[in-house]
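[1] what's the 3D shape of this:
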Amino acid sequence: ISQAIQLLRWQTDTQFCSRCSAAVSVAHSGERAMVCGECRLRQYPRVQPCVITAITRPNPQTGEMQVLLAHHHRYGQTSLPLQYGLIAGFVEVGESLEHAVVREVYEEVGLRLTDIRYVSSQPWPFPSNLMLGFRATYQSGEIVLQEDKLSHADFFDLSALPKIPFKGSIAYELIAQIAHEQGISLA
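    Below you'll find the predicted structure:
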């Protein structure tokens, strides 16, 4: 379904050639391309890579594993319980995935990381993103919010999580993986 939504949106948004402005049509060869009737330029669906990161640390007082969660303004929610998610953002031109993780986390919460590692990916049709899931370990810094994006962020013990994204989302899967490693079930 995700793929169909993305392809339909791309076809709707790709009506004209980006080189000469002539009308385009679906390629007849069966490939996913829009072809210009004038200059023959082939335009393919674009995927926007995004990184999403589960950041962990031991609780400084108890040693229980914690995960950094943030309440984003984009959730548009003000009633309790607030939904929290992971830090995420778009990969910029010329940037590695790992650098995008470091940059996004520093921009949004002011923290430094270590042990950054790729876990998995998930197509995300809003509008045509590929979410690349990472895990990282907190290294240093105090949480300083990027206030135009976040209303709150903190490290939460895995045994006392707030409302988190739905099962099936990459955010949930990253959090669940960490919880499972600690012998905690999110069910």
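[2] alpha carbons only for contacts and neighbour counts from here, please
    Noted.
[3] what's the residue lying closest to residue 71 once chain neighbours are set aside in contact with, if anything?
    Nearest residue to residue 71, sequence neighbours excluded (CA to CA, 6 or more residues apart in numbering): residue 84, at 4.5 Å. Residue 84 is in contact with 69-72, 162-165, counting by CA atoms under 8 Å, 6 or more residues apart in numbering.
[4] same thing but at 10 Å, please
    68-72, 75, 152-154, 161-165, 171 (CA atoms under 10 Å, 6 or more residues apart in numbering).
[5] which among these end up buried?
    Among the contacts of residue 84, those classed as buried by 16 or more other CA atoms under 10 Å are 68-72, 152-154, 164-165, 171.
[6] How is residue 145 assigned, secondary-structure-wise?
    Here residue 145 is coil, with the state taken from DSSP: H, G, I helix; E, B strand; the rest coil.
[7] I figured it was touching residue 70, is that so?
    Yes: the pair residue 145 / residue 70 is scored as a contact, 9.3 Å apart, by CA atoms under 10 Å.
[8] Mind listing the shared neighbours of these two?
    In contact with both residue 145 and residue 70: 108-109, 151-154, using CA under 10 Å, 6+ apart.
[9] List the ones among the residues you listed that fall in helices.
    Under the assignment DSSP state H, the shared contacts of residue 145 and residue 70 contribute 108-109 to helices.
[10] Turn the shared contacts of residue 145 and residue 70 into CSV, including distance to residue 181.
    Formatted as CSV, the shared contacts of residue 145 and residue 70 follow (distance: CA to CA, whole Å):
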residue, distance to residue 181
108, 27
109, 25
151, 29
152, 26
153, 23
154, 21
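[11] where does the chain have low pLDDT?
    Per-residue confidence for the chain (pLDDT under 70) gives these ranges: 75-78, 126.
[12] how about the strands of it, start to end?
    Secondary structure of the chain by DSSP state E: the strands cover 24-26, 34-36, 42-43, 48-58, 65-72, 87-90, 112-124, 129-140, 150-157.
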